[in-house]
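>>> Below is the sequence, then the predicted model.
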Amino acid sequence: MRNYFSSNTEDEESSIDITPMLDVVFIMLIFFIVTATFVKESGIDVDKPSASTVVVQEKASILVAIDAESNVWINRRQVDIRSVRSIVERLHAENPKGKLVIQADRESINDTLVQVMDASRQAGVYDIALAADAN
């Protein structure tokens, strides 16, 4: 007579439980997603002027781009110049320690740049940088 109980216990002992390994991998995945930094882009290509005193901004949380036709872009969307203040206020409330970087095309009108800077200061953002390419 064959002992069926002993063969079942042998099968159970030979199998490997991978549940703890999956738990560790899942926790590592969550950790990497939470700690990852994402690169923000303005959404358009801007022909920036060059400068010899370029300083890299590490914590630029608000990117505003002004294209060659003096259109204003924030978060890959073209926005009206009159709505820049409210958008910058909202983005600054999300990250109060972040800086505002304006990427103005060399062919854009200076008046648009001044209006964006003025709207940003009215929104309470005084740490403003202008983007330029290194010489």
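Nice, I can see it. Residues are numbered from 1 along each chain as shown.

>>> Wait, a strand at Val46?
No - per DSSP: H, G, I helix; E, B strand; the rest coil, Val46 lies outside any strand segment and is coil.

>>> Report the contact partners of it.
Applying C-beta atoms under 8 Å, 6 or more residues apart in numbering, we find Val46 in contact with Ala65, Ile66, Asp67, Gln103, Ala104, Asp105, Ala131. To be clear about C-beta, it is placed using only N, CA and C from the backbone, and glycine gets the same treatment.

>>> could these go into JSON lines alongside secondary structure, distance to Ser120 and neighbour count?
Below are the contacts of Val46 laid out as JSON lines (DSSP: H, G, I helix; E, B strand; the rest coil; distance: C-beta to C-beta, whole Å; neighbours: other C-beta atoms under 10 Å):
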{"residue": "Ala65", "secondary structure": "strand", "distance to Ser120": "13", "neighbour count": "26"}
{"residue": "Ile66", "secondary structure": "strand", "distance to Ser120": "12", "neighbour count": "25"}
{"residue": "Asp67", "secondary structure": "coil", "distance to Ser120": "18", "neighbour count": "20"}
{"residue": "Gln103", "secondary structure": "strand", "distance to Ser120": "13", "neighbour count": "23"}
{"residue": "Ala104", "secondary structure": "strand", "distance to Ser120": "13", "neighbour count": "26"}
{"residue": "Asp105", "secondary structure": "coil", "distance to Ser120": "18", "neighbour count": "21"}
{"residue": "Ala131", "secondary structure": "coil", "distance to Ser120": "14", "neighbour count": "19"}
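
>>> Looking at those residues, which one is closest to Gln115?
Set against Gln115, the nearest of the contacts of Val46 by C-beta to C-beta is Ile66 (9.6 Å).

>>> Show me what the closest one is bridged to.
Val72, Ala104 (DSSP bridges).

>>> thought it was touching Thr112?
Yes - between Ile66 and Thr112 there is a contact under C-beta atoms under 8 Å: 5.4 Å.

>>> So for these two, which residues contact both of them?
Common neighbours of Ile66 and Thr112 (C-beta under 8 Å, 6+ apart) are Val72, Ala104.
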